[in-house]
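Novice: got a structure for you, letters missing:
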DNA sequence: GTCCTAAATGAAATCGATATCATTTTTAGT
DNA sequence: ACTAAAAATGATATCGATTTCATTTAGGAC
């Protein structure tokens, strides 16, 4: 155990604590000979500075909280990887806050900001709304948001062009000859859902196809929501031939419902999701989906947040619209052609 | 922002900092009237105690580090959920340390123990070996280990009976009529692998079947390791009809290899994994696997670790052999009978 | 050797909360 | 009303590292 403190090291080296600190932090001037002595004492005592004391003194914890709505969803896992790697490389650690799909838990975690356990927080969740997030910065805390655009000068955010995602998916489905295309939104009030719906409508309009409200329903971004949502959609529209789910988790729910109803995917109903979670490449038929640069968003926003925390102005800009890419796989192709890209699993 | 400190609250309430502290912690006696005044001041100033100062003073951080070898693997995600829920309920937060399959990163994270950023650490990884873990406790740190047995009085650990897992799986495969059953181990030196191999051999012996060394190979617990391992096995044993992979990730790699080699699962080669990760229920054919009480292990060990950190003796015992359960699904059943349990995805 | 400046070092305050110990106030008993 | 005991409160040291400011030492010029 590292029980020795700076003063112990100082005594052993025959200097004051201040000098040891100078050696540790390479601040101030220290004679080469003294430095050697101190370094040797540190070595011999196996001394490591106490981070809590440093935190208190510096008023920094070098920790970032990361709030995700469900850590089990691999979509988040990859973002987290991006966050953690960037954070670590800038000497920060991350505290993962798994809200387990409960908004109340997200509120609980905000206390980590308030009691200064973390220097800043990254929100990767559809639960907490914009107003609540803005209230946090107005209160003086540093935060960043991944997955949506948020209108506030001090909040760095990264998000994809959701309208484009909706448009791309529906364009593709129309091209495949579908005429009754359902849209399964996430939370009705989630911006992602709303914008993807916008893209959906835009695609229909450009194709000169009618917008049928009955073809719209919403889930909760989870598998069960997708399952139930599809059952409702199907009940109202026995003739639907394609479903655009606002994320892959819900698409999995659609698969489950189809299996139960003995509906063939994609022969009878085509399915497209969003996020490109890992399962999509393993499930049969492979799920068509939309890839977003998850890792990159995580890394980028972490950098921005740390910039922000250190009081630096945003050098270029504070928000980032990232590129998304439609991945056409088996679930939306009647003829089962496959390119290498769409084979089972990566190497 | 919460900029006010205890002394500011004290001034506003017309008392000393000590009294405010007493109100906050319900320690010591405070007159009801004073208490009200202090509480009002706290309310008005929106005061929250600074956790860093509390940490320094109490020599506790109320944080637990959780080292996992790869956060993206859902096997770990569920354990983490168990850990986090138990930790939160005991007022601890967790710092997730994703080693990203690099042993060096695990070493890096040990510094969080040394610099007292965390009070204790839970290791859920096959990378760090027993000797290294024991060295940590010998150094005075509190740790717990999930996924293996470790012989040290002060290390709580949870693990499954790996011999039984191996036995159960191979018994099942033998019962299905297989005679050339390959075993794809994880890291050759990982205890899990070794014990599962033991179970494998035990099953063969009891069935009066020969042990053929060529049928053993090892991967790295990852998909790619499973893929490559199977290719080697197959090369040596063109007649193998079943593969027991030491975990599901590797089984996924076996699937990939089979797909490429146009080998039918389970008709030509049966596959069984271990862990029951989420994908197993979505992939076709559903993967037979072994369920372990992941969430429960996480929660239990967290409780034990916190006990240990607080200097309490282990009330019952320090190590826990948990029950595992073989889940027979499509990948190891030639005739595709299915029970409800084995259908696609849970509700 | 003396003096002056620059380099090297140390003493002490600080970060913010808490616990100990001392002091003041209240209560109860006579 | 007086005293003893109990209750309430405050002053202060502490946790461990850092930083400012003061002081000492070293180095160079003369």
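Specialist: Structure received. All of these numbers come straight from a predicted model, not from anything done at the bench.
Novice: use CA for all of it now, contacts and neighbours both
Specialist: Noted.
Novice: Assign residue A:296 to helix, strand or coil.
Specialist: helix (DSSP: H, G, I helix; E, B strand; the rest coil).
Novice: Ignoring the adjacent residues along the chain, who's closest to the closest residue to chain B within the stretch 201-347 of chain A?
Specialist: Among the residues of the stretch 201-347 of chain A, residue A:283 lies nearest to chain B; the distance is 4.6 Å by C-alpha to the nearest C-alpha. If the residues on either side of it in the chain are set aside, residue A:283 comes closest to residue B:283, at 4.6 Å by C-alpha to C-alpha, 6 or more residues apart in numbering or on different chains.
Novice: Which pLDDT does the model give the one you found?
Specialist: Residue B:283 is assigned 91 on the pLDDT scale.
Novice: Any idea how many residues pack against it?
Specialist: The local packing of residue B:283 (other C-alpha atoms under 10 Å in any protein chain shown) involves 22 other residues.
Novice: Make sure it is actually in contact with residue A:286.
Specialist: No - with contacts counted by C-alpha atoms under 8 Å, residue B:283 stays clear of residue A:286, the gap being 9.5 Å.
Novice: so residue A:8 sits in a helix?
Specialist: Yes - counting by three-state DSSP, residue A:8 falls inside a helix.
Novice: What's the local residue count around it?
Specialist: As a measure of burial, residue A:8 has 19 neighbours, counting by other C-alpha under 10 Å.
Novice: if I've got this straight, residue A:106 is in a helix?
Specialist: Yes - the assignment for residue A:106 (three-state DSSP) places it in a helix.
Novice: What residues does the residue of the stretch 201-347 of chain A closest to chain B make contact with?
Specialist: Residue A:283 makes contacts with B:279, B:282, B:283, B:284, as judged by C-alpha atoms under 8 Å, 6 or more residues apart in numbering or on different chains.
Novice: let's see 7 Å
Specialist: By C-alpha atoms under 7 Å, 6 or more residues apart in numbering or on different chains, the residues touching residue A:283 are B:282, B:283, B:284.
Novice: Next: residue A:200.
Specialist: Neighbours of residue A:200 in contact, by C-alpha under 7 Å, 6+ apart: A:166, A:167, A:170.
Novice: swap in residue A:247?
Specialist: If you count contacts by C-alpha under 7 Å, 6+ apart, then residue A:247 has A:221, A:273, A:274, A:275 around it.
Novice: Need the per-residue pLDDT for it.
Specialist: pLDDT at residue A:247 comes out at 91.
Novice: Could you do residue A:338 as well?
Specialist: Per the predicted model, pLDDT is 34 at residue A:338.
Novice: okay, and for chain A, where does confidence drop off?
Specialist: Along chain A, the model assigns pLDDT under 70 to residues A:1-2, A:335-347.
Novice: is stretch A:83-101 up against chain B anywhere?
Specialist: Yes - Stretch A:83-101 reaches chain B (C-alpha under 7 Å from any C-alpha of the partner chain) through A:94, A:95, A:96.
Novice: I'd guessed the second one sits against residue B:92; true?
Specialist: No - taking C-alpha atoms under 7 Å as the definition, residue A:95 is not a contact partner of residue B:92, at 11.6 Å.
Novice: Of these two, which one has the most company?
Specialist: More neighbours surround residue A:95 than the other of residue A:95 and residue B:92, with 23 against 19 (other C-alpha under 10 Å).
Novice: Helix, strand, or coil at the more buried one?
Specialist: Per three-state DSSP, residue A:95 ends up strand.
Novice: ok, what's across the strand from it?
Specialist: residue A:65 (DSSP bridges).
Novice: Closest to DNA strand C out of the contacts of residue A:200?
Specialist: DNA strand C lies nearest to residue A:166 out of the contacts of residue A:200, by C-alpha to the nearest atom of the strand, at 48.1 Å.
Novice: now the closest one, what's its secondary structure?
Specialist: helix.
Novice: Now do the contacts for it.
Specialist: Neighbouring residues of residue A:166 by C-alpha under 7 Å, 6+ apart: A:196, A:197, A:199, A:200.
Novice: In the stretch 151-300 of chain A, which residue sits nearest DNA strand C?
Specialist: residue A:154 (22.8 Å).
Novice: Could you look up the SS state of the residue lying closest to that residue once chain neighbours are set aside?
Specialist: Excluding the flanking residues, the one nearest residue A:154 by C-alpha to C-alpha, 6+ apart is residue A:137, at 7.2 Å. What three-state DSSP gives for residue A:137 is helix.
Novice: that older thread, state the distance from the residue nearest to residue A:283 to residue A:163.
Specialist: Distance, residue B:283 to residue A:163, using C-alpha to C-alpha, to the nearest Å: 31 Å.
Novice: if we can go back for a sec, tell me the one of the contacts of residue A:166 nearest DNA strand D?
Specialist: For these, the nearest to DNA strand D is residue A:196 (48.5 Å; C-alpha to the nearest atom of the strand).
Novice: I'd like the next helix or strand past the one helix or strand the closest one maps to.
Specialist: Assessed by DSSP states H and E, residue A:196 sits inside helix A:191-206. The C-terminal neighbour of helix A:191-206 among helices and strands, as given by DSSP H and E, is strand A:216-218.
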